[in-house]
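A.B. asks: model the following, please.
(chains A, B, C and D)
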There are 2 protein chains.
Amino acid sequence: MARRGSYAKGIAKREEILTAALDVIARNGYRRTSVRELADAVGLSQAGLLHYFSSKEELFQEIVRKRDEVDTAVYGPDLADRAIDSLTALVAHNTQVPGLVQLYAQVSTEAAGDPDHPSHAFFVERYANIREEFARFIRTEQAAGRIGEDIDPEATAALIVAATDGLQTQWMLDPSFDMVAHLEQLWKLITRSSSSGAQPVD
Amino acid sequence: MARRGSYAKGIAKREEILTAALDVIARNGYRRTSVRELADAVGLSQAGLLHYFSSKEELFQEIVRKRDEVDTAVYGPDLADRAIDSLTALVAHNTQVPGLVQLYAQVSTEAAGDPDHPSHAFFVERYANIREEFARFIRTEQAAGRIGEDIDPEATAALIVAATDGLQTQWMLDPSFDMVAHLEQLWKLITRSSSSGAQPVD
DNA sequence: GTCTATATTGGGATAGAC
DNA sequence: GTCTATCCCAATATAGAC
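C.D. replies: Presented below is the predicted three-dimensional model:
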């Protein structure tokens, strides 16, 4: 609980700003979005908004984090036993919010490519977490005999994440490109691996 | 052949600029590279350099195109019967030039995400070409019995391209991440597909 | 073809009043 | 906490001399 009312209110305002920002960016895209525009969307001045975030880069990192939070709330539950379904559902949802895909692609690329970028460490951790979640899921599937033992959980997790990222580029270039189908194709390759004789009993 | 000496010289100068730019970016990365810095590298003023390119964005698109040209000269020959080997060799080479990977990731992401970006069409075509080359290669491998008939050439080509792009993000976040190994793992999944009973005779 | 110098803009950061 | 005002900087883009 917050120590003071005003503190709690500050937190709430931050959340309000982030939620509104996601909305604006989902519609307008990221490339042409300035702090000023996001400020307008919540009825604040640019300076007023920057009262809550120390810089533009911090603001955008928090927007990305907020998006993760929202997506996790929707697609996260039962991740352990449905990771691939959650991911395809999320990817399907992403086709409805091109601006957010663009935001993510841009911010993650900038931060990844520059070790000094303030969000670099954030993304390092984010990717490690996602890979770990998927690796765990794959191990579970292996234990259940639905994936061959010759599949390396960590490496395959990294591959799924990479494909998901890369498919977005091709989708942005051509919105008729079917990210979900391609992701499912990869999953089929994984579940069909050579030593996977065992079929789900069901 | 050029119509006039001065015209040919202009072309040569452009090439010189692009080659020098690749060199600078390979070392310094893309994020903090301005037109002025690239101009310095060839002993021109900023205005002098922009005599050869109409804008900054055009300049950077040409730098990316030049890189493709250089890479194609080295890794392109015999692409038809060794596409996957060429790709892994190229990816291995890329680990030596982080700045260029960063440049590519950034420029392609910006251009992909914005239909109005001057390089958007360039990348649409570039991806179509690469996918087509890989799809053709996969068909050849299928004809030779090295890949199962249940593999969809176009979709699999898109997947390989996506993985290649996405692996770069993870490598940028952690240079010890092995892009080549992960790409080879994907290729193994593809060649091991279920109905691929035929093994290379060799 | 190349330079110097300047225009222009876009936008982030900051100071200080309320 | 929020606003207004302003600062300031980075760059690109352009004009015009040589």
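
A.B. asks: buried sites along the helix or strand of chain A with the lowest mean pLDDT?
C.D. replies: Least confident helix or strand of chain A, by mean pLDDT, DSSP states H and E, is helix A:5-28 with a mean of 90. Buried positions in helix A:5-28, judged by neighbour count with 16 or more other Cβ atoms under 10 Å in any protein chain shown: A:Lys13, A:Ile17, A:Leu18, A:Ala20, A:Ala21, A:Leu22, A:Val24, A:Ile25, A:Ala26. Placement of C-beta: from N, CA and C, glycine included.

A.B. asks: neighbours of A:Lys66, how many?
C.D. replies: 17 (other Cβ atoms under 10 Å in any protein chain shown).

A.B. asks: and the buried residues of helix A:5-28, which is closest to B:Glu69?
C.D. replies: Nearest to B:Glu69 out of these is A:Ile25 (Cβ to Cβ; 35.7 Å).

A.B. asks: ok, that closest one touching A:Leu100?
C.D. replies: Yes: between A:Ile25 and A:Leu100 there is a contact at 6.2 Å, judged by Cβ atoms under 8 Å.

A.B. asks: need the residues of chain A near DNA strand D, please.
C.D. replies: Proximity of chain A to DNA strand D, by Cβ under 7 Å from any atom of the strand, involves residues A:6-7, A:9-10, A:13, A:39, A:43-49, A:51-52.

A.B. asks: spatially central, which residue of chain A would that be?
C.D. replies: Residue closest to the average C-alpha location in chain A (Cα atoms, centre = their mean): A:Asp68, at 5.3 Å.

A.B. asks: what secondary structure does it sit in?
C.D. replies: When classified by DSSP: H, G, I helix; E, B strand; the rest coil, A:Asp68 comes out as helix.

A.B. asks: quick one, grab the pLDDT at it.
C.D. replies: A:Asp68 carries a pLDDT value of 98.

A.B. asks: can you tell me which residues contact it?
C.D. replies: With contacts defined as Cβ atoms under 8 Å, 6 or more residues apart in numbering or on different chains, A:Asp68 is in contact with A:Arg126.

A.B. asks: follow-up on the earlier one: near DNA strand C, from the residues of chain A next to DNA strand D?
C.D. replies: Filtering the residues of chain A next to DNA strand D for neighbours of DNA strand C using Cβ under 7 Å from any atom of the strand leaves A:Gln46, A:Ala47.

A.B. asks: any weak-confidence spans in chain A?
C.D. replies: The model of chain A has pLDDT under 70 over residues A:1-6, A:193-202.

A.B. asks: residue boundaries of the helices in it?
C.D. replies: Using DSSP state H, the helices of chain A run over residues A:5-28, A:35-41, A:46-49, A:56-75, A:79-94, A:98-113, A:120-143, A:153-173, A:179-191.

A.B. asks: tell me which of those sits nearest to B:Gln96.
C.D. replies: Closest to B:Gln96 of those is helix A:98-113 (Cβ to Cβ; 15.8 Å).

A.B. asks: wait, does that closest one contact DNA strand C?
C.D. replies: No: if you take Cβ under 7 Å from any atom of the strand as the test, helix A:98-113 misses DNA strand C, and the best it gets is 12.7 Å.

A.B. asks: and that helix, what other elements does it pack with?
C.D. replies: helix A:5-28, helix A:56-75, helix A:120-143, helix A:153-173, helix B:98-113, helix B:153-173 (3 or more Cβ pairs under 8 Å, 6 or more residues apart in numbering or on different chains; DSSP states H and E).

A.B. asks: so it versus helix A:79-94, what angle?
C.D. replies: Orientation check (axes from the mean of the first three to the mean of the last three Cα atoms, to 10 degrees): helix A:98-113 against helix A:79-94 gives 120 degrees.

A.B. asks: so which bits of helix A:98-113 are buried?
C.D. replies: A:98-113.

A.B. asks: coming back round to it: between the buried residues of helix A:5-28, which is nearest B:Asn94?
C.D. replies: Minimum distance to B:Asn94 across these is 30.8 Å, recorded for A:Ile25 (Cβ to Cβ).
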